[in-house]
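Trainee: A predicted structure for the sequence below; I have some questions about it.
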Amino acid sequence: MSRHPIVGCVVLALVIGATMAPTHEASGAGRLPTIGPAPEFRLTTQAGARLGLRDLRGKVVAVTFIYTGCTDTCPLLTAKMAALQARLGADFGPRVFFASVTVDPERDTPEVLEHYARAHGANPAGWAFLTGATGEIQDVERRYGVYAKRSPRGDVDHTFLTSLIDRDGMLRVQYLGVRFDPGEMLGDLQSLLAEARAR
């Protein structure tokens, strides 16, 4: 199954970054490919703390891009991630971490993100909702190959890209869109955890 199904949030204008992962077979087919070093970032969490990708070294990380004012696709993506949070059980937090980066930093303050996180049942031990200065967010978007642009209605059209990063900070899988199979992503996360345990 392809890792790159596409769906829009309102009207999605899509630019696929150069770091997009090649399509590969389901995780049972073998070791997941390595794309290259994941782009670093250091942003502000819903609790007001600064968190960088380097701080998460040693954990498998899933990075998504959302915004709290979205009324259709972002909540769907966040709900899928929340379901995966539950399915990961004791691995979530100590060994797997989710980082959801806003594409609307002007509106998504830490306080707004905290409310959004609570509303979606996000466990803060393993899930950060991240914001920052507009330039910081734009830099992260650019380096991950995410397009984001505010529409005249005030919505933010953006690329839905979820990146899986291994415990060594290497980008391994990218899912484009929100119609991916959560079971497939769970298998990929478990594959990366198994690699770490095999060392």
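Mentor: Happy to help now that I have it. Numbering: from 1, shown residues only.

Trainee: which residue ranges of this protein form helices?
Mentor: Using DSSP state H, the helices of the chain run over 73-87, 110-119, 134-144, 182-197.

Trainee: mind checking these for the one nearest to E40?
Mentor: helix 134-144 (8.2 Å; CB to CB). To be clear about C-beta, it is placed using only N, CA and C from the backbone, and glycine gets the same treatment.

Trainee: which parts of the closest one are buried?
Mentor: Of the residues in helix 134-144, 136-137, 140-141, 144 count as buried by neighbour count, 16 or more other CB atoms under 10 Å.

Trainee: re earlier: kindly reformat the helices of the chain as JSON lines containing mean pLDDT.
Mentor: JSON lines is the format used below for those (pLDDT from 0 to 100):
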{"stretch": "helix 73-87", "mean pLDDT": "94"}
{"stretch": "helix 110-119", "mean pLDDT": "97"}
{"stretch": "helix 134-144", "mean pLDDT": "95"}
{"stretch": "helix 182-197", "mean pLDDT": "92"}
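
Trainee: in TSV: the ones you listed, plus distance to F65.
Mentor: As requested, those are exported to TSV (distance: least, CB to CB, whole Å):
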stretch	distance to F65
helix 73-87	9
helix 110-119	13
helix 134-144	7
helix 182-197	16
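
Trainee: what's the helix or strand bottoming out on mean pLDDT in the chain packed up against?
Mentor: Least confident element among the helices and strands of the chain, by mean pLDDT, DSSP states H and E: strand 156-158 (a mean of 86). Strand 156-158 sits against strand 148-150, with contacts defined as 3 or more CB pairs under 8 Å, 6 or more residues apart in numbering; DSSP states H and E.

Trainee: who does the strand it packs on touch, helix- and strand-wise?
Mentor: strand 156-158.

Trainee: for the strand it packs on, buried residues please.
Mentor: 156-158.

Trainee: run a quick neighbour tally on R50.
Mentor: Neighbourhood size, R50 [other CB atoms under 10 Å]: 11.

Trainee: quick one, what contacts it?
Mentor: 42-44 (CB atoms under 8 Å, 6 or more residues apart in numbering).
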